[in-house]
Structures are given as structure tokens and as C-alpha cells.
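1. Predicted model, plus sequence, below.
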Amino acid sequence: MTSQRRTTIVAAVCLAVSMLASILLLNHIDQIRPQEIVEDSLYINSPKLLKRASLGFDGLMACIYWTRTVQYFGHRHYFHERTYNELAPLLEITTALDPHLFPAYQFGANFLAPAPPNGAGQPDRAIKLMEYGIRHNPDNWQLYYNLGFVYYTELKDYRRAAAVFNAGSKVPDAHPFMKVLAAQMAEHAEDFATARLLWSATYQSSNESNIRQNALEHLRAIQVDEDVTNLQAAVARFSASNGRPPTNIWELATAEHLPGVPVDPDGNPYELTLDGNVQVQHPDDFPFAKKGLPPGYEPPLKFHSKP
Amino acid sequence: MNARIAHIASNTFREAVRDRVLYNLIAFALLISAAAIFVGQISIDIERLVVVNLGLAAVSLFGVVIAIFIGIGLVSKEIEKRTLYTVLSRPVRRWEFIVGKFFGLAGTLVVNAFFMAIGVFGALLYVAHKFSAPDALILVALYFIVLEFLIICSLALLFSSFSSPLLSAVFAFSLFVIGSFADDLRGFAGLTHGFARWIATGAAYLVPNFSALNVISAVAHQQTIGSQLILQNTLYALFYTTMALSGAVLIFERRNLK
């Protein structure tokens, strides 16, 4: 073996061993490192400074910050974290860098507004974000829709929701359902029909699969809530006339002259507990349902919980 | 263009290719492919935006780096290798040498940008599955980037005509950064008074205004670019390039090469 060949072999082995060792070590270092400190550090939080530092490539910087926001939210959401301290600043930086980045507003409001663990529980910051978006994109009716949605779902402020939907309906090329939503908010805000209309509108107006899936889940949950409300009323009627609750769901269906056993959106019959409570068989399949759940039931992660 | 300028330009282009300048296309291809494939998995709803923003930013930055690092050596390398004396001993005027070098470098950058543009459109087709009419706006952004290259090339040559390669690189890169802040500089000039205002305004107009040539974000959002802006940016780039090249010629004509 020549000297050169020997050197080549030794160098190649050293290279491979060193690379493997450094990868293994890095894995160990990641495990012992205080992850939270790294995660929660936002070194530069001035949107203006970042815009200047981007040397005119602010669109690209906004995409990077938006991706960082998604990763931040996704990571904390996945690990059931209840604090999202950097979420609002990240979204504000993203939208300051590119005020026309619509996904940052649409998803941002969904990340910020819901209470933990589904979101950051900061509906006020979500509203600020959407108002900033509307100021910079006054011709986008979907931003009004998203803002009205936050007022409706998180703050239950139906008067403001109606005003926002109404303002959005006046934007050129706004979807006709904006007018309907404004009217519904004013008179029937708490009806199941209104909630169904809102989520149907979300489903129809978005091409994004995550948003459509989320809307579909909510529509299924509304169906369950409405069914359980009606069945619970039927149970009350049965108890009042018979002096006892029905023993099972079949007895209730017969007494109410229903065409069959009432079933949930998946086709599974509702169950009746001994104390007369109506429940779904598989509560995990309806993560947004508020009714028909076993006592003490903790729902699984909601937003984007399904692929 | 006269034959002597054309010869110098083609030699400059060949030399750049021989120096493996176009190898940057491989890095670009990897970058844009990775962005197109992976961004959809780690982000939400910005695949197209990333391809356009990242693609055009990469075209611009790769080109600027090539323009600076080749441009600064165009004159000094010829002096160092003593090939300049061979060239100038023939019936070649010094200004023809400078202009030929400029066209050679500009040609290299245009070819480079052309291949990168194919990459950007390829990645766009991958993520969007089809082209739409507003995608043609990307060509406008690419055109503005080429105009930016012309300015940078001329500035690199200007500095190269009187300074060392290292200092030329520092000057050219600094001007690129300052030029990216040209709008802020003009705003700052508006806030000052008296003599400072004259100085600041003069500086704001003297540095190249690269921010006017940057329409990447607008194009990414499919916003139309007015024909007046295209025309006036073209004229601005041509005048600025001519100004810098004239400066380079003036200095190089008087430079003592002994």
C-alpha cells in the first residue's frame, strides 16, 4: 500500500468517525439543553429593524417568519403547552414585513384567539392583527369575515360581529353570505342555524384543506349539539309524563314516534345513561362538541387535529 | 458595438465560465428545489410565495455577489497577470477595454439569470401545477434584477479601475447595501435642514436606488407593475450605468500602468 493511499484511507475513516460522533453528540446536547429558553427567544422583535435588515427582501423574510410562527405554534400545540408568549410578536413581525400575507391573518387569528390549549387565548391580539390586516387590505372581504368570526366565537360580542360582517358585505366582490351573516348576528346569534351558516361559509370560502377540515369538524359538532339538545328535551318530556327517565334510547325513540334510533353524524346511535343523559358513543370523533360528552371528558387537541 | 469590444466581452464571458462561475446554478437549483418540496410541509399556504420570493431573491443575491467578486478583479487581475499590456499594445483603446469587460460580465450575469429564471418557473409549475397570467409579472421582476446587475457591474468596474480588489469589494458591497436603503436616505434628507440637507440629498441621489428596482414582493402578490415604472427604471439604470462606466473610463484613461 502506497503512502498516499494509506493517508487517504486514514483521512476518510477519520472524517466518517468524526461526523458520526458529532451527530451523536449533538443529539445528546439537544436533550440536555434548556429547550424552553431556546424556543421562547425572539432576538429581534422590532418589525421595522427586521424590514431594514432584509435589504429589500422583506417578502422572503415574511415567509421565513410565517414559517417560524407555524412551527412555534405547532410545536407548543403538539406538546399541550398553555403559553404562547411569542406568538403575537411573531405574527406582528410577519405582517409588518409583508402586510399582504393573507395566510398570516387567517391562520394567525385562529392561532391567537381560541383559549389554551387550542390557541393562545389572546382574542384581543387576534382582533388587533385582523384590524391591521383590514387597514392594509381594505378590499379583502375575507379579513372582515375572519374578524367577525373572532367576535362571534371567542368574545360572543354579536353586536360587533354584526357590524364587521356588515362592513365586509360592502366590500366590492364580497361573498353574498356576508349580508346574511350580518342579519343573522343581529337577530339569531345563538341559534344553531347561525353557527351552521358561519362554518358552512368558512368551508365554502376556503381552498385550504386544514381550514376546510376544521370547518367540517365544527359542522359535525354543531349537529351533535343540536341533536343532544333536542333529545335531552325529549327525555325531559318523557320524564314529566312517566315520572321516570326512559330506560334506553329505543324507548325514547318509540315514545317520540321517531322513524328509528337517533344517530350521530357518523351513523352511531346516541346512548342514554341511567340518569337520563344523552351521549355520543365516541366523543373523540367530535372534538368540538360541547354537548353529549361523558362527565369529566377532556377533548383531544382540536385545531388541525386531523390530517 | 465595435469588434474589439465584442472580442474583449466574449473573452471575459469565456473566462468567467472557465472560472466555474456558473457552478452557482447547482446551488441555486438545490435551494429552489428544496424550497418547493419542503416549504409546503413546514409552513401553511405560502408555497407559491416562497418559490417567487426565494427564487427572485436568490437570482438577485447570487448575481450581485458574482458581479462584485468578478467585477473587482476584471482590471486588477489583468494588471497582475500582465495580460493588460498585451491587450493594450494592440490597437485597443483603454475605454474599449473597460466597456468590453463590462459587456462580458453583464453577459455572464444575464446568462446566469436566464438559467435561474427557468429554475424559478420550473419550481412554480411544481407547486402550482399550472401557470397563470399574473406569473408573467415575474419576468418584470427578473428584468429589474438584470438592470440591478448592470449598475453593480459598472460600479465594480469603477472601483476596480483605481482601487485594490479588496477595497473595491468593500466599496461595491457597501453601495449595494446603501442603495437598498435609498428610500430611507431620501426620507432622512427630507428631515434635515440647511447644509446637512444639501449633503444628504446629494448623497441620496448619488447612490444607486436599488429599492426602486426591487418589485419582488409586489410580483409575489401578483400586483401589476406599471409600464411607466418599467420605462423609467430602464432609463435610470442605463443612465446610472453610463455614469459609472464613464467614471471608470475617465480614471482608467489617466491611470499610470507602468
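-> Nice, thanks for sending it over. Numbering: from 1, shown residues only, chains lettered A, B, ... in the order given.

2. Pull the number of nearby residues for B:F114.
-> Using other C-beta atoms under 10 Å in any protein chain shown, B:F114 is surrounded by 12 other residues. Where you see a C-beta, it was placed from the backbone N, CA and C, and this is true even at glycine.

3. Check the secondary structure at it for me.
-> Assigned with DSSP: H, G, I helix; E, B strand; the rest coil, B:F114 falls in the helix class.

4. Model confidence score at it, please.
-> Per-residue confidence (pLDDT) for B:F114: 92.

5. and what of B:V51?
-> B:V51 is given a pLDDT of 88.

6. okay but it is in contact with B:I32, surely?
-> Yes - at 7.0 Å, B:V51 counts as touching B:I32 under the criterion of C-beta atoms under 8 Å.

7. Please enumerate the shared neighbours of these two.
-> Residues touching both B:V51 and B:I32 (C-beta atoms under 8 Å, 6 or more residues apart in numbering or on different chains) are B:V120, B:A123.

8. Who has more neighbours out of these two?
-> Under the neighbour definition other C-beta under 10 Å, B:V51 and B:I32 were set side by side, and B:V51 has more, 27 against 23.

9. That one and A:F288: what is the separation?
-> The gap separating B:V51 from A:F288 is 34 Å, by C-beta to C-beta, to the nearest Å.

10. For the residue in the stretch 151-300 of chain A positioned nearest to chain B, give me its contacts.
-> The stretch 151-300 of chain A approaches chain B most closely through A:E208 (5.5 Å), counting by C-beta to the nearest C-beta. A:E208 sits next to A:P103, A:Q106, B:I44, B:D45 when contact means C-beta under 8 Å, 6+ apart.

11. backbone phi and psi for the residue of chain B most remote from its centre, please?
-> The centre of chain B is farthest from one residue, B:G194, which by C-alpha atoms, centre = their mean lies 34.8 Å away. B:G194 adopts backbone torsions of phi 60, psi -140, taken as degrees, to the nearest 10.

12. Looks like B:N214 contacts A:G56 (just checking).
-> Yes - counting by C-beta under 8 Å, B:N214 touches A:G56, with 4.2 Å between them.

13. Quickly list what's touching both of these two.
-> B:S180.

14. which bits of the stretch 1-150 of chain B sit near chain A?
-> Applying C-beta under 8 Å from any C-beta of the partner chain, we find that the stretch 1-150 of chain B lies next to chain A at B:39, B:42-46, B:49-50, B:52-54, B:57, B:60-61.

15. hmm, back to that, I'd like the distance between the residue farthest from the centre of chain B and chain A.
-> B:G194 is 26 Å from chain A, where distance means C-beta to the nearest C-beta, to the nearest Å.

16. In contact with that residue, which residues?
-> Counting by C-beta under 8 Å, 6+ apart, B:G194 touches no other residue.

17. Okay, it and A:L129: tell me how far apart.
-> 43 Å.

18. pLDDT below threshold where in chain B?
-> For chain B, applying pLDDT under 70 flags the ranges B:1, B:258.

19. can you map out the helices along it?
-> B:3-18, B:24-42, B:47-71, B:73-80, B:83-89, B:94-128, B:137-160, B:165-180, B:182-191, B:194-206, B:216-220, B:227-254 (DSSP state H).

20. contacting residues around B:S43?
-> Contact partners of B:S43, counting by C-beta under 8 Å, 6+ apart, are A:C63, A:W66, A:T67, A:V70, B:V50.
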